[in-house]
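[1] the sequence isn't on hand, but the structure is:
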């Protein structure tokens, strides 16, 4: 009996090789940081850990239930795991003058581990621990500039996050009492019980907080503004995508006939998220704060993918998530380069076209991708999303989906006004005294390659489409 | 000894939850807000332990142990940040943290 159980545990652990490699690597990185305090050593160590863990990755064709159904790993999860790692290794090239570099990268690795477990969790305890792992590291990493304002952003993030995770735990306790189990796939919300409704709402609070959906988006602008830019690039992508995968798993256990209010509720908060993000961004002057509001609007659009059932929804979600990740990687890379030269406001870009016309072109490409216009991959992602929403509306004739679609399209028009602020300042305005800004050839090459990816995926989307085909069997 | 019915546990935990939420909403001091968060966590733990009386696998009690540990970790991070805030602002009043605005 015991031997059988031990054998099963060891067999299941082989599916978690990648996570184990990350955990061991993160610990080693921390130890190496104690011995050698050089920035370069920590950066190389981080890259080695992330790339090395990628060698342990495997693709699961079929959904595997591990450890008495507390962890699930299927095609979507195993692909996203690899993409998270492949995404976050690029942050070593960001222009940051960090203190305590090895600890910083240790925290980034912790965010990755937490997000991977959050994405594959199927048990309330695993969900709670994974949510808290990403949250705690997020709180600490927000303070990593060690300035007055970053502490303020950190405490705001912590208090909002703490309250929402405490409420989530309360929701978990009620669900445990009413449903009699902690395993998500064994729960099924098909009974009109007010306690279950309270538990469900409280549980959603914590997950919606992680993906910065209205009304749990308040922490996003100040955190993104004050956290180190390379941390923001990870924070704005990895936990968000993982949170949406988890949210999809949670929503799928709700019987929509009994809990009929869940779908209208999600539509309302999704539409409100798009509105808050888009309208909030209009008045911003700080670059990273503007991007934060843009990221909130993107969350609202990503939420729409969860309301579309079947393969269409999974395709739209994957496309949007991938393109969102690449766009944010380039955008925050550019932001970190200019921030290292002291440009943090949109007005700081004034007149730079005279000295750096090519950088202006790169900024235009990235901003157009963020808006979602051709010829960039941002258009492809939005096209998949809106056409999936339209198909779902036609087949279900659900007016909520139509509302969502209209608000999404209108938000694209509004986003023209704020994303084009930087190119406008760059090309049209002139400055009395041009700041001396010069970047080295390597950052020039890297920024060019990453921006060209956005154009390349528009003209040849086969690579991403080949990955999407593998999800056709999953239960979305 | 007569067992205490479940409903009393639930009422007590709902009361603690409400007190915690009220503290979070009313108090302006950062440390008090933390206290409110801890109260909500304890309300949830009480629920978990009470419900696990009816669960032969005792999952709820295990969950409660984990959440106590996580609450301690959160408090440690929060106090570290609050200490830095106090050094910079000479106050832990949350209303005075107004450097970041639109």
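    Alright, I've got the coordinates. Note that the structure is predicted; figures quoted are calculated from it, not measured.
[2] got a list of what residue 30 touches?
    Answering for chain A, as no chain was given. A:102-103, A:106 (CB atoms under 8 Å, 6 or more residues apart in numbering or on different chains). Placement of C-beta: from N, CA and C, glycine included.
[3] look at chain B instead
    A:155, A:159, B:78, B:82, B:85, B:92-94.
[4] which of these are buried, as a PyMOL select command?
    Of those, the buried ones can be selected in PyMOL as follows, counting by 16 or more other CB atoms under 10 Å in any protein chain shown:
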select buried, (chain A and resi 155+159) or (chain B and resi 78+82+85+92+94)
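[5] what about residue B:30, distance to residue B:83?
    10 Å (CB to CB, to the nearest Å).
[6] which residue is nearest the centroid of chain B?
    residue B:38 (1.9 Å; CA atoms, centre = their mean).
[7] what residues are up against that one?
    B:20, B:71, B:75.
[8] so which strand or helix has it?
    helix B:30-51 (DSSP states H and E).
[9] quick check, residue A:77 in contact with residue A:120.
    Yes: with contact defined as CB atoms under 8 Å, residue A:77 reaches residue A:120; the gap is 5.0 Å.
[10] these two: who's more crowded?
    Neighbours per residue (other CB atoms under 10 Å in any protein chain shown) separate residue A:77 from residue A:120, with residue A:120 holding more: 28 against 19.
[11] so the more buried one is in contact with residue A:70, correct?
    No: distance between residue A:120 and residue A:70: 9.5 Å, which falls outside the contact criterion (CB under 8 Å).
[12] how about the helix or strand containing residue A:274: buried residues?
    Residue A:274 is part of helix A:262-282, with elements assigned from DSSP H and E. Within helix A:262-282, the residues that count as buried by 16+ other CB under 10 Å are A:262-263, A:266-267, A:269-278, A:280-281.
[13] mean confidence (pLDDT) on the next helix or strand after that helix, please.
    Per DSSP H and E, the first helix or strand lying C-terminal to helix A:262-282 is helix A:287-307. Taken as a whole, helix A:287-307 carries a mean pLDDT of 92.
[14] tell me what angle helix A:287-307 forms with helix A:262-282.
    Taking axes from the mean of the first three to the mean of the last three CA atoms, to 10 degrees, helix A:287-307 and helix A:262-282 form an angle of 160 degrees between their directions.
[15] toward the C-terminus, what is the element adjacent to helix A:287-307?
    helix A:310-340.
[16] mind giving me the packing neighbours of that following helix?
    helix A:75-88, helix A:229-235, helix A:238-251, helix A:287-307, helix A:357-371, helix A:377-396, helix A:441-459, helix A:462-469 (3 or more CB pairs under 8 Å, 6 or more residues apart in numbering or on different chains; DSSP states H and E).
[17] single out the most deeply packed of those helices.
    helix A:229-235 (a mean of 27; mean count of other CB atoms under 10 Å in any protein chain shown).
[18] torsion angles phi and psi at residue A:38?
    Main-chain dihedrals, residue A:38, degrees, to the nearest 10: phi -70, psi 140.
[19] number of nearby residues for it?
    Neighbours of residue A:38 (other CB under 10 Å): 11.
[20] for residue B:100, same thing?
    Neighbours of residue B:100 (other CB under 10 Å): 17.
[21] same question for residue A:40.
    So residue A:40, with other CB under 10 Å, has 10 neighbours.
[22] the helix or strand where residue A:116 lies and chain B, any residue contact?
    Assigned by DSSP H and E, residue A:116 belongs to helix A:101-120. No: if you take CB under 8 Å from any CB of the partner chain as the test, helix A:101-120 misses chain B, and the best it gets is 11.4 Å.
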